[in-house]
Structure formats: C-alpha cells, structure tokens
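Asks: generate a structure from the sequence data that follows.
(one chain, ligands or ions: 1)
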Amino acid sequence: MAGKPGYDGAQDWRAPVRAREEEGAAGAANPFGRGDPAPFFFLSACRFQIGHNGALKIRITRQDPMTYAAITGWGKCMPPSVLTNADLATFLDTDDEWIVSRTGMKERRISHVSAIEMATVAAKRALACAGLDAADLDLIVYGSCSNDEQVPNSASGVQIGLAAHHAGAMDVNTACTSFLYGLSTASAMIRSGAVRNAVVIGVELISPYMDWSNRGVAVLFGDGCAAVVLQASEREEGVLAEKLGCIAEARQTLRVRGMGCAYANRNITLGDTLWDFDGQEIFKRAVGGMSQASEAVLAKRGVRPEDIDLVVPHQANLRIIESVVKRAGLPMDKVMLTVQRYGNMSAATVPVALVEALEEGRVKPGALMLMPAFGAGLTFCAHLVRWGERVTPIGHSDAELPPSPRSALEIVNGVRAIRAAQGGRSDAGLISVEYAEARQR
Ligand code: ACO
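Replies: This is a model prediction of the structure:
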C-alpha cells in the first residue's frame with residue numbers, strides 16, 4: 001500500500017478501547033427515545049447475556065476514537081566541550097585519517113555536568129517547545145545505560161529538576177536503543193489511556209566510564225542528550241509501528257566490564273572499565289538487525305521505501321548507516337547524519353539527530369520517518385513515525401547548562417590522571433567475573 005499507512009491496532013497493539021458498560025434488565029427504557037427504532041450501530045454495540053436470575057441483560061459498549069501518541073515537543077542539550085580526533089591523538093596511537101575513514105567521526109562532546117543535568121535542560125526545552133507545563137506531565141521515561149546512580153533512578157532526578165510533581169518516573173536501559181524502547185513504552189501507555197502527557201529522554205554520559213587507554217573504543221563515543229514530549233491525540237501521529245528485537249546470543253560482543261553489581265567487592269575502582277568490544281562482529285550484527293527491523297516495520301504498515309521522507313538512524317558508524325540505508329533501498333540524501341560531529345552518543349543519538357533535523361527544516365509536516373537502531377544486548381529496533389502538522393516550537397526555554405570551566409581534553413586528561421593516581425588498573429577483578437549467560441549454559 002502506498003501513501004498514508006493506517007494504524008493496525010489488531011496486529012500491533014491491544015486496541016485502546018475504553019468500554020463504557022451499562023447494564024439493565026430487558027425492557028429497560030429505550031435509550032433512543034420512545035418509538036425510535038434502534039439503529040444498526042446501536043445493535044452492533046450490544047452484548048446480550050442471561051443473568052443469574054434468568055433476566056436478559058444488555059451490555060452497551062462504546063468504542064472511543066483511536067488514541068495516538070503525537071510528538072509535540074523536542075529539545076536537545078549538548079555539552080559545549082568538543083573533543084577532536086587531534087585531541088585523541090595526543091594520548092592514543094591514532095590519527096584523524098584512521099578515525100574518519102573507519103567511522104566518519106571528526107569530533108564528539110565531553111560533558112562537565114551530570115547526565116541528569118543534561119536531561120533536565122533537554123526536557124525543559126522540549127516542554128517549552130510543546131507549550132506544556134511540567135505540572136501536566138504524567139510520565140518521565142529516561143533512556144540511558146550510563147546512569148548517574150543506580151539507586152535512586154535517574155528519571156526521579158529529572159522530575160525534581162522539572163518540578164513535574166504529578167509525573168511517574170522510570171528508567172529504561174537497552175543501551176543505544178534506550179530512547180526508542182522508551183518511545184515505544186510511553187506511546188503504548190498513552191494509547192492504553194494510562195497517561196496522556198509524557199517526556200521521553202535519550203541521554204548518555206559515557207566519558208567517566210570510558211577506557212581512555214583503548215583506542216579501539218575511546219575514539220567512538222561521546223556524551224549528549226535530547227528529549228521529546230508525547231501527547232495523546234486522535235490524529236494518526238507518532239509511532240505508527242515498531243519492531244523490537246535482541247540478539248542475546250551475541251551479548252558478550254559488547255560488554256563494559258566494571259559497570260554494575262557483578263563487579264562489587266572485587267577490588268575494582270569504580271570508573272575503571274575494560275571493554276569487551278568485538279567491533280567487526282557488532283558491525284555485522286548491527287547491519288543485519290537494523291535491516292531486518294526496518295524491513296519488518298515497513299512491511300507491517302505496507303509502506304514502500306520511497307514513501308519514507310527521512311531516515312533518522314542510530315549513529316554508531318557512518319559505514320553501518322550506509323549499509324543499512326542501501327539494504328533498505330533508500331538514498332543517503334534522505335538520511336539525517338550527526339555522527340561526524342557527535343560520534344556515538346548511544347541512547348542520545350536518535351533524539352539528537354531528530355531535533356537537529358527539525359532545527360534544519362528537514363522534517364516536513366506529515367513526514368513519514370524511519371528510525372533504525374541497535375545497541376549492546378545486542379538489542380535492535382526500527383520505528384515508523386508519522387510527524388504532525390507543526391514543525392516549529394510553540395515556545396523556548398531559557399534553561400542552560402553552566403559554562404564548562406575546562407576543555408574536553410582537560411576533562412578527559414583529568415579522568416586519566418585520577419585513574420593513574422589510583423594505582424592503575426583493576427584487571428584481575430574485572431576479568432574474573434562469571435556472567436549469567438555462562439552459568440545458564
Ligand atoms: N586508530 C588507529 N588504529 C586503530 C584504531 C584507532 N582508533 N582502532 C583500531 N585500530 C587498528 C586495529 O588495532 C587494527 O590494527 P591491526 O590490523 O594492526 O590489528 C586495525 O586498526 C583494524 O581494526 P579493525 O577492528 O579491523 O577495524 P574496523 O574496520 O573493523 O573498524 C570499528 C573498527 C570502527 C570499531 C568498526 O568495527 C565498527 O564500527 N564496529 C561497530 C562498533 C559499534 O558500532 N559499536 C557500537 C555498538 S552499540 C552502541 O552503540 C553502544
């Protein structure tokens with residue numbers, strides 16, 4: 001089917017039917033008025049039942065219009081300190097030519113503030129863009145794999161920063177796909193009627209956990225954040241369909257040793273990490289997973305590649321994006337790219353790219369967008385999103401990060417110096433952990 005894809009409630013979701021049931025014995029007053037014939041739609045809405053006392057009961061079910069989760073606000077918060085390829089080459093055996101040719105990356109950002117601070121600024125900007133008061137938020141979904149703390153959760157930190165006192169607050173961690181899994185979660189809750197207004201955040205603060213001695217990973221990642229506001233709508237907008245998946249048999253190909261409870265009490269200095277990172281295997285799996293998910297989500301809605309107006313993919317490597325887009329039968333000029341300026345910001349890459357696409361006027365009213373992504377796990381997904389009519393903000397927030405007192409290279413060198421002063425690496429503890437999947441075999 002070409003053109004405007006419909007929303008297939010039966011196939012994709014439990015249809016959000018709000019049933020109003022009225023019970024009455026047979027012979028109760030005709031709801032259409034004395035003498036009026038009950039129209040066919042009334043009969044079709046009736047369920048007949050014999051009650052325990054033998055009386056005939058009529059249950060009248062009313063189906064409200066379908067509820068969608070429209071994206072009505074957007075905002076990003078990028079830390080200002082820029083780490084260039086030349087900066088990395090001051091302490092790693094690498095160079096600009098290798099990094100650009102293998103990844104497409106020229107620079108990335110390093111944050112001088114916490115992830116929750118970035119998320120709060122991005123969420124304030126998204127709320128202003130939607131013209132929504134924080135007091136009217138029902139839900140905050142915080143997508144990330146680099147939380148400031150394990151307990152309490154991070155979404156609660158954003159709730160206090162926004163003064164969103166009526167909102168539930170939850171974290172979602174599926175690594176780089178966390179924003180999109182969070183988008184699915186919040187959209188489904190809006191469609192079910194559980195909430196009406198939500199903010200979904202994709203944020204990552206990877207630099208404190210980075211193994212800055214490993215050129216194979218240190219050049220790839222950066223910090224950043226963006227958020228969107230979702231609101232209940234009767235117009236067919238927001239996520240029309242998604243495909244979520246996980247290649248768990250390959251979960252060992254991307255593991256940050258040193259983050260999490262498995263590493264407690266092993267003489268490991270927090271922040272000292274060792275990355276298991278099989279780049280070529282991840283590359284292959286990423287292309288396969290994102291391509292499969294993209295194909296599935298287009299087929300689900302009967303959409304042809306040429307119906308897609310813009311692709312907003314996860315930005316882990318330019319070559320991965322090129323392979324996925326080629327396999328999907330789409331041209332690169334329909335792809336929003338940020339990888340060259342921000343590197344891989346994990347959960348933040350898709351929302352930041354979406355916000356920048358809006359800022360650059362690349363999202364047209366009614367646009368149909370494809371958002372494929374993958375991350376550690378190895379989770380993967382693709383979302384088909386219909387944009388609404390409005391592509392400009394209703395308002396602007398004056399929320400800002402404090403200025404950074406240090407350059408990105410100074411921040412990174414500060415982390416490296418602290419680790420060196422702590423007496424070097426905790427390799428024995430990092431390597432000796434037996435993981436859940438090994439015990440399950
Ligand atoms: N600078 C210079 N040389 C380097 C660097 C570097 N930064 N890193 C690795 N090399 C060297 C290697 O040591 C190797 O040298 P050798 O041939 O002497 O052994 C050589 O370059 C080639 O290394 P490969 O790993 O084969 O390089 P490849 O072309 O596969 O590119 C890369 C590596 C960029 C990591 C690629 O495999 C990739 O992007 N994989 C996907 C990774 C990814 O997307 N991760 C994110 C996962 S999910 C998430 O987003 C959290």
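
Asks: what helix or strand is Ala128 located in?
Replies: Here Ala128, judged by DSSP states H and E, is contained in helix 115-130.

Asks: whoops, I mixed them up, Leu230
Replies: strand 224-233.

Asks: before we move on, what about Ala186?
Replies: Counting by DSSP H and E, Ala186 is found in helix 178-192.

Asks: residue numbers of the stretch 151-300 of the chain in contact with the ligand?
Replies: 175-176, 215-216, 219, 254, 279-280, 282-283, 286 (C-beta under 6 Å from any ligand atom). Just so you know, the C-beta spots here come from the backbone N, C-alpha and C atoms, and that holds for glycine as well.

Asks: for the stretch 151-300 of the chain, which residue gets nearest to the ligand?
Replies: Closest residue of the stretch 151-300 of the chain to the ligand, C-beta to the nearest ligand atom: Gly279 (2.9 Å).

Asks: now that residue. Its backbone dihedrals?
Replies: Dihedral pair for Gly279: phi -50, psi -50, per degrees, to the nearest 10.

Asks: quick one, what contacts it?
Replies: With contact set as C-beta atoms under 8 Å, 6 or more residues apart in numbering, Gly279 has these partners: Gly216.

Asks: what residues are up against His218?
Replies: Not quite, residue 218 is Ala, not His. Shown in contact with Ala218 (C-beta under 8 Å, 6+ apart): 88, 92, 210-212.

Asks: and Trp74, by the same measure?
Replies: Trp74 touches 125-126, 129, 226-229, 351, 354-355, 358, 393, counting by C-beta under 8 Å, 6+ apart.

Asks: between those residues, which is closest to Ser111?
Replies: The closest of the contacts of Trp74 to Ser111 turns out to be Ala226 (C-beta to C-beta; 13.5 Å).

Asks: just give the number of residues close to that closest one.
Replies: Applying other C-beta atoms under 10 Å, we find 31 residues neighbouring Ala226.

Asks: okay, which residue is most central for the chain?
Replies: By C-alpha atoms, centre = their mean, the chain has its centre lying nearest to Phe179, at 1.2 Å.

Asks: re the thing from before, hmm, the helix or strand following the helix holding Ala128 in reach of the ligand?
Replies: Going down the chain from helix 115-130, the next helix or strand is strand 139-143, by DSSP H and E. No. Applying C-beta under 6 Å from any ligand atom, one finds strand 139-143 separated from the ligand by no less than 12.6 Å.

Asks: how about residues contacting strand 139-143?
Replies: With C-beta under 8 Å, 6+ apart, strand 139-143 has contacts from 119, 123, 153-155, 158-159, 162, 164, 167-174, 178-183, 185-186, 189, 195, 197-203, 347.

Asks: what does stretch 406-424 give?
Replies: 81-83, 87, 90-91, 109-112, 207-208, 210, 212, 269, 271-272, 404, 425.
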